[in-house]
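The sequence and its predicted three-dimensional model are supplied below.
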Amino acid sequence: MRALIQRASSAAVSVDGAPIGRIGNGLLILLGVKTGDTTAEADFLAEKCVGLRIFEDAAGKMNLSLADVGGEILVVSQFTLYGDARRGRRPSFTMAAPPTQSEPLYDYFVERLRAAGLRVATGRFGAVMAVSLVNDGPVTLLLEKDCCSDLGKELDHD
């Protein structure tokens, strides 16, 4: 499971020209699910997103979390995060989980964020969406359980 996180001054998503989700200050999270992902990956990423200290404190240092700044979250499903464009000119999406697996995990991830007491807006799973964003910073991070877990192990050995 991958989460592309962008710190936002504002973000919105619409389907067929109709707005369906909007936030002010907070995070836009584009979420991709790969075949084999489970609730363990969703739990890890939800906890990581909630606790990320990527908002500036009074000294201008990224030291505050979403809860510290009273921020909101907009979560948009995006299977293209698992696009593989290493060969040819058209990306392959064979790593992306089918909707029957990815939609329940997307919903689970959103509920985990809400359970943390945050206001969460969403896109519409499987729809063609228009997403707008004012990226604050800009700050953009790509999180993935396997990637983050491996990095932690490497840092523990230094």
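In hand now; what should we look at?

can I assume residue 8 is in contact with residue 29?
No. In this structure, residue 8 is not within contact of residue 29 by C-beta atoms under 8 Å, at 9.8 Å. All C-beta atoms are positioned from the backbone trio N, CA, C, and that covers glycine.

which residues do these two both contact?
residue 74 (C-beta atoms under 8 Å, 6 or more residues apart in numbering).

Would you check how far apart the most centrally placed residue in the chain and residue 74 are?
Nearest residue to the geometric centre of the chain (C-alpha atoms, centre = their mean): residue 29, 2.8 Å. Using C-beta to C-beta, to the nearest Å, residue 29 is found at 7 Å from residue 74.

what bits of this structure have low per-residue confidence?
Counting by pLDDT under 70, the chain contains low-confidence ranges at 147-158.

Swap in 80 and give it another go.
146-158 (pLDDT under 80).

can you pull the contacts of the residue nearest to the centre of the chain?
Counted by C-beta under 8 Å, 6+ apart, residue 29 has contacts 3, 4, 5, 6, 49, 73, 74, 75, 76.

For this structure, which segments count as strands?
2-15, 18-23, 26-32, 55-56, 62-64, 72-77, 120-122, 130-144 (DSSP state E).

Alright, I will stop here.
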